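A.B. asks: Provided below are the primary sequence and the corresponding predicted coordinates.
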Amino acid sequence: MNDIRVRFAPSPTGYLHIGGLRTALYNYLFAKKNGGKFVLRIEDTDQTRFVEGAIENLIDSLHWAGIQYDEGVFVEDGKIVEKGDFGPYVQSKRLNIYRKYVDELIEKGHAYYCFCSKERLDAIRDEQKMKGMVPKYDGFCRNVSIEDAKKRVAAGEDHVVRLKLPHNKDIHFHDLVRGDITINTNDIDDQVLLKSDGFPTYHMAVVVDDHLMGITHIVRGEEWLPSTPKHIYMYEAFGWEKPTYVHLPTVLNKERKKLSKRHGDVSVDDFKTKGYLPEGLVNYLALVGWSPDGNEEILTMEEMVEKFTFDRVSKTGGIFDKDKLDWVNSHYIKSESLERIKGMTLPYLIEAGYMDETFAKENSGWVDVLIETVREGLSTVTEVVDKVQFVFEEDLLYESDAYDEFLNNENGRILMESIVKEAKESEEITMDNAKDFMKKIQKNTGIKGKNLFMPTRVALTGSAHGPELVNVLYLLGNDKIAERAQKVLDIID
């Protein structure tokens, strides 16, 4: 068997879609598992849809996600470069190569020049739709002799080149996810291979590129499944060995529709900006359509490589569940080093105006406790802004039920009076002596257990549930503790 070579070949028409990231991930896992090579190729033959910066974003997104490829298109020192023995890896640089193979198909009788105008094609398709037929080209130019066709081309007549499929031929292929598939050529269109602007269509370029680059396995989305028979016929027409095909199920939203921008976040950048860790997103995304043998849910990249097989990939669309993603991501936030999570959360705390870089450096230990205090409850790192708000809030709001139950009574009054007095008179609260502070309050008031801790938490944070009280006392410090307890007394009075 040839050494395995796979490729990810996106179009630079926008930022990398989450479905595209999963396709790249499955290519990467399969290549790594089998000691193969992973190629990044850029399919930019549709120049009308090219988006400036899309290639750079694509490469940055793959690197951010930890998906490393072996050859193809890279960015170095701000410039796009190509590395590998099979370049160019950008299709717009390969036009002469495609032209050569288009001419070969024409000479062999497997393709033909088509001179039909857009108006004629539109009229045919409208008529077919009215008759309930599947719209497809009617083959009007199939029988134009090659001599006449070449004269018309030489005379400058607008034309395209179409694939000349044989009539009523069954095309068979095996898909590693979907099994054996047969499609008859009568159900397929004579695909345009070369457009009037001289650029190849996807269908022409992809076959030539995959063959010349030695691609052994084509792993792509299921939307390309209807096109595969055309591609296989072209391999046969050229006399080339066809690759193995793998068509992946679509990534769907909860309504079982394809993820789209109008339904929420869809680009890798969206999730990056929202504060997802690459490990969390990649781990979850791998499970949207694939499951390991043991049905584990938390997997490192190395574990995914070890366990990945296409026979565990589902035939049906995978549901992208943001709640499940949040659960997976929260696992990584909890298990990562505090230093890394601090580095990711600090920019959001600074942007929110809670601190500046100087404060963060001078009070590094305090900031460590702040982040450690709330990270257990974080699904994304951006949530840190809301989670730490209670520390910085000037006008604390109380959960009404909690206030009524724990503060608006005689027990609450006695407790707050003691907290105000102790906070003003005791030494500065630290992580080491915070428990002693509460012991003094208990000793002074005789209040203990739930009746001690719950009212204190509500008074200091506004909520009956939340972070460790020891951490809260340290983070707030004596002055804020006294202020907040006094505020409760003022309200009760």
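C.D. replies: On my side now, so go ahead. Numbers count the residues shown, from 1 in each chain.
A.B. asks: now the strands for the protein?
C.D. replies: With DSSP state E applied, the chain shows strands at 5-8, 37-40, 71-76, 79-83, 111-114, 160-163, 170-175, 179-184, 192-194, 217-221, 244-248, 251-252, 318-319, listed in chain order.
A.B. asks: got the contact list for the first one?
C.D. replies: When contacts are defined by CB atoms under 8 Å, 6 or more residues apart in numbering, strand 5-8 is touched by residues 20, 23-24, 27-28, 30-31, 36-41, 62, 69, 72, 210, 213-219. Any C-beta I mention is one placed from the backbone N, CA and C, and that applies to glycine too.
A.B. asks: one more: the last one?
C.D. replies: With CB under 8 Å, 6+ apart as the contact definition, strand 318-319 has outside contacts at 249-254, 256, 287-290.
A.B. asks: could I get the strands of the chain as TSV with mean pLDDT, mean neighbour count and distance to Glu147?
C.D. replies: Formatted as TSV, these follow (pLDDT from 0 to 100; neighbours: other CB atoms under 10 Å; distance: least, CB to CB, whole Å):
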stretch	mean pLDDT	mean neighbour count	distance to Glu147
strand 5-8	98	26	39
strand 37-40	98	24	40
strand 71-76	96	18	41
strand 79-83	96	13	40
strand 111-114	98	23	11
strand 160-163	98	22	16
strand 170-175	96	14	30
strand 179-184	95	12	31
strand 192-194	97	24	19
strand 217-221	97	21	37
strand 244-248	97	21	37
strand 251-252	90	20	50
strand 318-319	89	17	53
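A.B. asks: quick check: domain ranges of the protein?
C.D. replies: The chain breaks down by automatic domain parsing into domains covering 5-91+251-319, 94-248, 336-391, 393-492.
A.B. asks: what's the closest of these to Trp327?
C.D. replies: The closest of the domains of the chain to Trp327 is domain 336-391. By CB to CB, the value is 7.5 Å.
A.B. asks: now do the end-to-end distance for the closest one.
C.D. replies: 24 Å (CA to CA, to the nearest Å).
A.B. asks: residues near Ile232, how many?
C.D. replies: For Ile232, the count of nearby residues is 19 (other CB atoms under 10 Å).
A.B. asks: just the pLDDT for it.
C.D. replies: In this model, Ile232 is scored at 97, pLDDT.
A.B. asks: what's the answer for Thr358, then?
C.D. replies: Thr358 carries a pLDDT value of 96.
A.B. asks: neighbours of it, how many?
C.D. replies: 8.
A.B. asks: can I get the strands of the chain in a markdown table including distance to Met438?
C.D. replies: What follows is the strands of the chain, written out as a markdown table (distance: least, CB to CB, whole Å):
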| stretch | distance to Met438 |
| --- | --- |
| strand 5-8 | 57 |
| strand 37-40 | 57 |
| strand 71-76 | 55 |
| strand 79-83 | 60 |
| strand 111-114 | 83 |
| strand 160-163 | 79 |
| strand 170-175 | 65 |
| strand 179-184 | 66 |
| strand 192-194 | 77 |
| strand 217-221 | 58 |
| strand 244-248 | 56 |
| strand 251-252 | 50 |
| strand 318-319 | 47 |
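A.B. asks: and of those, who's closest to Pro135?
C.D. replies: Of all the strands of the chain, strand 192-194 sits nearest to Pro135, with 13.9 Å by CB to CB.
A.B. asks: about what we covered before: let's have the domains of the chain in CSV, adding distance to Leu325.
C.D. replies: Formatted as CSV, those follow (distance: least, CB to CB, whole Å):
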stretch, distance to Leu325
domain 5-91+251-319, 5
domain 94-248, 18
domain 336-391, 8
domain 393-492, 24
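A.B. asks: of these, which is nearest Asn329?
C.D. replies: Using CB to CB, the nearest of the domains of the chain to Asn329 is domain 5-91+251-319, at 3.3 Å.
A.B. asks: quick one: that closest one to chain centroid distance?
C.D. replies: When distances are taken as CA atoms, centre = their mean, to the nearest Å, domain 5-91+251-319 is centred 7 Å away from the chain's centroid.
A.B. asks: next one: stretch 454-468
C.D. replies: 37 Å.
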